[in-house]
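Engineer: build the 3D model from these lines:
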Amino acid sequence: MEGGGSLRTFPESQRQEKIKPRAPELVAREMSLRELRHALGKTQKTVAHTLNMGQDGVSRLENRSDLLLSTLRNYVDAVGGTLTLVAQFPDKEPVAIGGLGEIAAARESEAKRRAARGEGPHSSQKKA
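Structural biologist: This is a model prediction of the structure:
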């Protein structure tokens, strides 16, 4: 990538400044997850390490035709990007939709924290 360094090393505001000039070029192109990963110079092995899964899991993910938004967001984060969902309507400006997938990710993170502490999913309930 020009300018040296991965966009992941920059604060969000700087990442957005670097991405905005290229947005029309990137939006004009449609890529599969595999093509995106290749374009960014990432291997399945490095993405798998970031996602804490095996290389075979990344391969299966890249070949799926239907993904949860949280899964897609995690993949895009793993290759150094930020996922934005944009709805387009006739005769209207595009609208970025926020909040989707983030609730699931928060629940997943909380479940992982509880599992790491040895707590079950209902351990926060008081016993009688």
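Engineer: leaving out sequence neighbours, find the closest residue to the residue nearest to the spatial centre of the chain.
Structural biologist: Closest to where the C-alpha atoms of the chain average out (CA atoms, centre = their mean) is residue 73, at 2.2 Å. Spatial nearest neighbour of residue 73, excluding adjacent residues (CB to CB, 6 or more residues apart in numbering): residue 83 at 4.3 Å. For every residue, glycine as well, the C-beta is placed using N, CA and C.
Engineer: show me the shaky parts of the protein.
Structural biologist: By pLDDT under 70, the low-scoring segments of the chain are 1-10, 12, 15-16, 19, 22-29, 101-106, 120-128.
Engineer: and the nearest residue to residue 51 once chain neighbours are set aside, what does it touch?
Structural biologist: With CB to CB, 6+ apart as the criterion, residue 51 has its nearest non-adjacent residue at 5.1 Å, and that residue is residue 78. Residues in contact with residue 78 (CB atoms under 8 Å, 6 or more residues apart in numbering) are 42, 47, 50-51.
Engineer: so which of these wins on neighbours?
Structural biologist: Neighbour count (other CB atoms under 10 Å) singles out residue 47 as the most crowded of the contacts of residue 78, with 23 neighbours.
Engineer: which elements pack onto the helix or strand hosting that one?
Structural biologist: Taking DSSP states H and E as the definition, residue 47 sits inside helix 44-51. Counting contacts by 3 or more CB pairs under 8 Å, 6 or more residues apart in numbering; DSSP states H and E, helix 44-51 packs against helix 55-63, helix 69-78.
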